[in-house]
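Next come a sequence and a model predicted from it.
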Amino acid sequence: MKNKVTKAIFPVAGLGTRFLPATKSIPKEILSLVDKPLIQYAIDEARAAGIREFIFVTSRGKGALEDYFDSAPQLESRLRKAGKEDLLKTLRQTTMESGAIAYVRQREALGLGHAVWCARRLIAREPFAVILPDDVIAAEKPCLQQMVEAYEETGGNMVAAMEVPPEQASQYGLIEPGSIKDRVIEVRNMVEKPAPKDAPSNIAVIGRYILTPAILRNLNRKFVGSGGEIQLTDAIAEEIRNGGKVTAYRFDGRRFDCGSKAGFLQAAVAFALERDDLRDELFTYLEGVVMARKAAQ
């Protein structure tokens, strides 16, 4: 019987330099798409997948991120007195119960693999998920929930995957695919940001993982890979070489790279257009912008 996946690691130690000066005073993960911060999308997805323990790998200056999940008695009291029950309900969804969240410091920026390794003592011998909040995935069924359901059949290690344009493939960790069954792909090898001539495919690993403790043992070696960092991809590839099972799951949904300004803006527009209270006004505005640009050309 496979252990259920109930723990998730959220690597949030990055400085968010691509979003300066906004991230000078607030963590990037608090930046909002419409009216919900990036980290809330990640938490909601984890909850839908059955995650009950949330492990944040942080760094100095992330206090606002910790405060976000705390209760706000004064604000709740004002909303209650004003009869704003809908806002009060929304606010309560951001509060995590005592003991549900643990915070671990990553003292040096040594890569994603190192960030995951920092949480090793909280994982023990259980499978665990890793969610990168920068990758926001819009899907009818949340991406991690899709993966957990598939993992119940496959076991082993699983990564989320999607096809990317060949000219962009070298920006990602890529898989060498084997057999394919429905949305599950056997992974024969993984390479982090290879040169275009060395790319094994254009199937990229996206920021959702279900991993076994064996990956943490591989990370113990602290092998320095692409970009001079300790790469999670390398630890997973080592597990394949050791005979471990690794699959990729082609999720159903649309992924936005919110680590880039363009991707962040695209996500904000896409999520706003899904909102009944914003759709018409925003669509009219966008339509006017497009028409004005065409006229100017």
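Cool, the structure landed.

In stretch 75-90, which residues are buried?
Neighbour-count burial for stretch 75-90, counted by 16 or more other C-beta atoms under 10 Å, picks out 79, 88. (Each C-beta comes from the backbone N, C-alpha and C, glycine too.)

which residues are in contact with it?
91-92 (C-beta atoms under 8 Å, 6 or more residues apart in numbering).

Now do the end-to-end distance for it.
Start to finish, the residues bounding stretch 75-90 are 12 Å apart (C-alpha to C-alpha, to the nearest Å).

for the record, mean pLDDT for it?
The average of the pLDDT scores along stretch 75-90 is 85.

what's the answer for stretch 60-72, then?
81.

How far does it sit from its chain's centre?
19 Å (C-alpha atoms, centre = their mean, to the nearest Å).

Show me the contact partners of that stretch.
With C-beta under 8 Å, 6+ apart, stretch 60-72 has contacts from 12-13, 15, 26-27, 29-30, 37, 39, 56, 58, 91, 94-96, 101, 103, 105.

how far does it stretch from start to finish?
Termini of stretch 60-72 sit 23 Å apart (C-alpha to C-alpha).

pLDDT weak spots in the stretch 51-200 of the chain?
Within the stretch 51-200 of the chain, not a single segment meets pLDDT under 70.

Tell me which stretches of it form helices.
Under the criterion DSSP state H, counting those that start in this stretch, the stretch 51-200 of the chain carries helices at the ranges 63-68, 73-81, 85-92, 112-117, 143-154.

Give me the helices and strands touching the longest one, please.
The contact analysis (3 or more C-beta pairs under 8 Å, 6 or more residues apart in numbering; DSSP states H and E) places helix 143-154 against helix 38-48, strand 128-131, strand 157-163, strand 184-192, strand 203-211, strand 246-250.

Let's see that with 7 Å instead.
helix 38-48, strand 157-163, strand 203-211, strand 246-250 (3 or more C-beta pairs under 7 Å, 6 or more residues apart in numbering; DSSP states H and E).

tell me the angle of the third one relative to strand 157-163?
Using axes from the mean of the first three to the mean of the last three C-alpha atoms, to 10 degrees, the inter-axis angle of strand 203-211 relative to strand 157-163 is 160 degrees.

So which residue is smack in the middle of the protein?
The chain has L132 as the residue nearest its centroid, 2.4 Å off, counting by C-alpha atoms, centre = their mean.

which ones are touching that residue?
L132 sits next to 11, 207 when contact means C-beta atoms under 7 Å, 6 or more residues apart in numbering.

do you know how far it is from G244?
22 Å (C-beta to C-beta, to the nearest Å).

next one: T90
According to C-beta to C-beta, T90 stands 42 Å off from G244.

Same check on E97?
34 Å.

who's more crowded, these two?
Neighbour count, other C-beta atoms under 10 Å: between E97 and G244, G244 has more, with 15 against 9.

The more buried one belongs to a strand?
No: counting by DSSP: H, G, I helix; E, B strand; the rest coil, G244 is not part of a strand but coil.

next one: phi and psi at the closest residue to it other than its chain neighbours?
Once flanking residues are discounted, G244 sits nearest to A214: 5.8 Å by C-beta to C-beta, 6 or more residues apart in numbering. Here is the backbone geometry of A214 (degrees, to the nearest 10): phi -60, psi -30.
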